[in-house]
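>>> Got a predicted structure plus its sequence, pasted below:
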Amino acid sequence: MLSKKLQDAINEQINAELYSAYVYLSMAAYFEDQNLPGFAHWMRLQHDEEQVHAMKLFDFLVDRGARVVLKAIDAPPVEFESPLQVFEAALEHERKVTGLINDLYGLALEEGDYPTQVLLQWFISEQVEEEKSADDIVQQLRLVGDYPPGLLMLDREMAARQPESEETEA
Ligand code: FEO
């Protein structure tokens, strides 16, 4: 049986993952507006991944006989200065999420809840990937600087991103 404290904390994390989805969807909207469809595609897939993260936690609560309680999702940022600033914000956001996951893992340890620890180990590894992919793109955008042909080339690369399941199968 999940403790009340852990149930509440996992419900909070569901909200944080849904907020992440919302942040990436807003970033997709920015890129659509900038006529950078490859970046927008990448952000749409990132949005979908965050929905999957939220549902993993949702299903875990259901499987453990706990109540899912959905809360209001904050409005995401809307205005960005440049593609680089978007990815810097994404990286900063993922670092915050890593902190939340680590705190949640700490709580699962305190509560002696082994199944939650196992579930969160997946999230801990996922956060390493999440930070790495945002950071890689930040580095590439820094290299490109204000050179439009470089940005367009990168946009084409971003368009090649596959949904997670296909990435895993590849
Ligand atoms: Fe759900 Fe981007 O971490």
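Ah, there it is.

>>> Contacts only, for the residue of the chain found nearest the ligand.
When scored by C-beta to the nearest ligand atom, the chain has residue 53 as its residue closest to the ligand, at 3.8 Å. Placement of C-beta: from N, CA and C, glycine included. Residues in contact with residue 53, defined by C-beta atoms under 8 Å, 6 or more residues apart in numbering, are 17, 20, 123, 126.

>>> so residue 124 makes contact with residue 104?
No. Using C-beta atoms under 8 Å, residue 124 is not in contact with residue 104; the gap is 9.7 Å.

>>> Show me which of those two is the more surrounded one.
Looking at residue 124 and residue 104 with other C-beta atoms under 10 Å, you find the greater number of neighbours at residue 104, namely 23 against 14.

>>> From residue 121, how far off is that one?
11 Å (C-beta to C-beta, to the nearest Å).

>>> and if you look at residue 56?
Remark: distance between residue 56 and residue 121 (C-beta to C-beta) = 12 Å.

>>> neighbour count winner among the two?
Counting neighbours by other C-beta under 10 Å for residue 56 and for residue 121 shows that residue 56 has the greater number, 16 against 13.

>>> avg pLDDT for the strand or helix carrying the more buried one?
In the assignment (DSSP states H and E), residue 56 maps to helix 37-63. Along helix 37-63, the predicted confidence averages to a pLDDT of 98.

>>> For residue 161, which three-state class applies?
Assigned with DSSP: H, G, I helix; E, B strand; the rest coil, residue 161 falls in the coil class.

>>> I'd assumed residue 43 was in contact with it.
No. Counting by C-beta under 8 Å, residue 43 is not a contact partner of residue 161; they are 9.6 Å apart.

>>> out of these two, which sits in the busier spot?
Counted by other C-beta under 10 Å, residue 161 and residue 43 do not tie: residue 43 has more neighbours, with 26 against 18.

>>> show me the contacts for that one.
Residue 43 makes contacts with 24-25, 27-28, 31, as judged by C-beta under 8 Å, 6+ apart.

>>> Just the element for the closest residue to it other than its chain neighbours, please.
Using C-beta to C-beta, 6 or more residues apart in numbering and skipping the chain neighbours, the partner closest in space to residue 43 is residue 28 (3.6 Å). Secondary-structure assignment from DSSP H and E places residue 28 in helix 4-33.

>>> Also residue 77?
Element membership for residue 77 (DSSP H and E) is empty, with no helix or strand holding it.

>>> same check, this time on residue 108
Assigned by DSSP H and E, residue 108 falls within helix 83-110.

>>> Is the residue nearest to residue 43 in contact with residue 37, as I believe?
No. At 9.9 Å, residue 28 and residue 37 do not qualify as touching, with contact defined as C-beta under 8 Å.
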